[in-house]
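Participant: missing the sequence, but the structure's below:
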């Protein structure tokens with residue numbers, strides 16, 4: 001059963017957000033943001049930014065970005081970058097036009113952060129918070145970008161311009177050198193998906209056979225889709241391509257491993273395809289699940305297990321083990337709006353929040369196999385977030401060594417489990433023994449009192465020792481008693 005650590009009324013006015021490593025809990029208020037932490041969740045720092053709407057932590061928790069659309073009315077910048085430990089403003093921005101969140105994207109080590117502009121990519125460096133090399137990178141037609149989760153490499157894509165093809169580029173920072181580029185034709189859109197370990201990059205490319213102009217708008221005809229897979233750890237970064245003709249509904253990398261999943265197909269026949277990657281080989285179709293009811297994919301943080309979810313509809317949930325593609329359980333949580341794995345990959349929460357629904361609010365907790373543990377229905381349920389865990393202190397080699405000798409370690413853990421079980425059994429035996437001793441003490445007290453009263457019993461029974469009579473098994477008189485149970489009447493002709 002979950003253990004309640006802290007419960008406070010009016011702790012936040014809008015929502016809460018964990019920092020990436022789980023060190024801080026941020027609460028959002030009209031006057032700004034408060035950070036809480038430590039064993040008792042004491043307040044650590046306050047950041048005054050009137051009418052703050054959105055916040056974002058840098059990956060290493062060194063900096064906090066806050067955004068307020070009306071802060072200029074209070075002589076503050078609309079976007080402020082803070083030093084978390086010192087509580088100081090490092091830089092302010094007043095972005096033009098409609099707000100896009102997140103405005104900045106951070107490199108994994110907090111050294112750089114970047115934002116997209118019209119035909120430019122602005123990369124800033126810390127701790128100076130100035131532009132890298134004091135100027136933005138001019139990239140005509142740039143549409144989107146994303147940092148590698150593990151390296152100071154960013155991927156961006158550039159749209160087509162007449163006879164000039166679209167391009168996907170990998171750029172190293174701070175040198176700004178292109179480490180790989182891939183040209184693409186007949187492209188209307190791209191989506192960039194980094195794998196968590198940074199080993200692979202997938203660019204989903206929406207392509208067309210032909211297009212035409214209607215009332216000033218471009219209409220694309222005969223759409224099809226490519227998944228361009230970049231192998232970052234191989235020499236010269238080779239690129240493979242997977243083509244799917246049907247509409248694409250979702251894509252997701254396995255966080256730990258080399259598998260990716262795609263939901264595709266027409267509404268009447270939704271399919272989920274799993275592909276595997278190996279060094280020096282093209283992607284291989286591992287499994288295709290036919291006629292599924294799902295629109296979103298949720299991989300376990302530990303890999304191998306995945307939940308196929310039909311969000312905001314019938315709430316069908318499928319728990320799949322991708323080691324052999326066994327469907328461990330198929331169930332449902334009606335109108336589910338959110339699915340959240342815990343950081344260990346042992347539990348899954350499905351929730352229906354008031355932000356996305358009006359009825360059947362609350363959250364359910366499942367095991368990774370799809371066995372329900374608890375249903376918690378709440379009339380005013382808004383939000384649930386697992387606390388992130390910091391990365392392991394073990395090196396990749398140490399982790400590899402542990403996996404290699406897992407059987408040996410498993411035997412040690414099983415031995416410890418048996419010792420704990422034995423200790424628990426010993427405590428139970430001692431508890432029962434104490435209860436037995438207490439009963440024996442009470443019994444001896446009663447027997448002593450009974451012995452003291454024997455003379456009085458003899459007086460009351462004309463000196464007949466009924467104690468010995470009861471103890472004499474031969475002095476027994478048998479009496480037969482008959483009870484009338486029922487009566488049956490038989491009529492004779």
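Facilitator: All right, it came through fine. The structure presented is a predicted model; accordingly, all values stated were derived computationally and were not measured.
Participant: Could you pull up the contacting residues of residue 112?
Facilitator: 106, 123, 124, 125, 126, 132, 152, 173, 174 (CB atoms under 8 Å, 6 or more residues apart in numbering). Every residue, glycine included, has its C-beta placed from N, CA and C.
Participant: can you put those residues in CSV and add secondary structure, neighbour count and distance to residue 232?
Facilitator: Output for these, formatted as CSV (DSSP: H, G, I helix; E, B strand; the rest coil; neighbours: other CB atoms under 10 Å; distance: CB to CB, whole Å):
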residue, secondary structure, neighbour count, distance to residue 232
106, strand, 23, 19
123, strand, 23, 20
124, strand, 20, 24
125, strand, 17, 23
126, coil, 20, 24
132, helix, 18, 22
152, coil, 16, 13
173, coil, 20, 15
174, coil, 13, 18
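Participant: For those, work out which two are farthest apart.
Facilitator: 106 and 174 (14.5 Å; CB to CB).
Participant: pLDDT on stretch 7-14, on average?
Facilitator: For stretch 7-14, mean pLDDT is 93.
Participant: can you pull the buried residues of the helix or strand residue 115 falls within?
Facilitator: Here residue 115, judged by DSSP states H and E, is contained in strand 112-117. Of the residues in strand 112-117, 112, 113, 114, 115, 116 count as buried by neighbour count, 16 or more other CB atoms under 10 Å.
Participant: Return the list of strands paired to it, each annotated with direction.
Facilitator: strand 105-106 (antiparallel), strand 120-125 (antiparallel) (DSSP bridges).
Participant: for the buried residues of strand 112-117, which one is nearest residue 62?
Facilitator: Closest to residue 62, out of all of these and judged by CB to CB, is residue 113, at 10.9 Å.
Participant: right, and the closest one touches residue 58 too?
Facilitator: Yes: Residue 113 is within contact range of residue 58, at 7.3 Å (criterion: CB atoms under 8 Å).
Participant: any shared contact partners between the two?
Facilitator: With CB under 8 Å, 6+ apart as the test, residue 113 and residue 58 both reach residue 106.
Participant: on that earlier part again, out of the contacts of residue 112, which one sits closest to residue 352?
Facilitator: Nearest to residue 352 among those, with distances taken as CB to CB, is residue 106, at 31.6 Å.
Participant: Do you know the pLDDT at that closest one?
Facilitator: For residue 106, the predicted pLDDT is 98.
Participant: Against residue 203, how distant is it?
Facilitator: Distance from residue 106 to residue 203, counting by CB to CB, to the nearest Å: 21 Å.
Participant: And residue 467, by the same measure?
Facilitator: From residue 467 to residue 203 the distance is 96 Å (CB to CB).
Participant: Check residue 478 too.
Facilitator: In terms of CB to CB, residue 478 sits 96 Å off from residue 203.
Participant: tell me the strands in the stretch 201-350 of the chain, going along the chain?
Facilitator: All strands of the stretch 201-350 of the chain, identified by DSSP state E, counting those that start in this stretch, fall at 217-231, 239-244, 248-253, 259-264, 271-276, 284-289, 296-299, 305-309, 316-321, 326-332, 338-341, 347-352.
Participant: now those strands in JSON lines, with mean neighbour count?
Facilitator: Shown next, in JSON lines, are the strands of the stretch 201-350 of the chain (neighbours: other CB atoms under 10 Å):
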{"stretch": "strand 217-231", "mean neighbour count": "16"}
{"stretch": "strand 239-244", "mean neighbour count": "15"}
{"stretch": "strand 248-253", "mean neighbour count": "18"}
{"stretch": "strand 259-264", "mean neighbour count": "22"}
{"stretch": "strand 271-276", "mean neighbour count": "19"}
{"stretch": "strand 284-289", "mean neighbour count": "14"}
{"stretch": "strand 296-299", "mean neighbour count": "20"}
{"stretch": "strand 305-309", "mean neighbour count": "24"}
{"stretch": "strand 316-321", "mean neighbour count": "21"}
{"stretch": "strand 326-332", "mean neighbour count": "14"}
{"stretch": "strand 338-341", "mean neighbour count": "18"}
{"stretch": "strand 347-352", "mean neighbour count": "23"}
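Participant: Mind telling me what element the nearest residue to residue 464 once chain neighbours are set aside is part of?
Facilitator: Using CB to CB, 6 or more residues apart in numbering and skipping residues adjacent in sequence, the residue nearest residue 464 is residue 458, 7.5 Å away. Residue 458 belongs to helix 454-460 when assigned by DSSP H and E.
Participant: So which elements touch that helix?
Facilitator: Judged by 3 or more CB pairs under 8 Å, 6 or more residues apart in numbering; DSSP states H and E, helix 454-460 is in contact with helix 466-471.
Participant: So for residue 478 and residue 203, which sits in the more crowded spot?
Facilitator: residue 203 (22 against 4; other CB atoms under 10 Å).
Participant: how about residue 436, phi and psi?
Facilitator: Main-chain dihedrals, residue 436, degrees, to the nearest 10: phi -70, psi -40.
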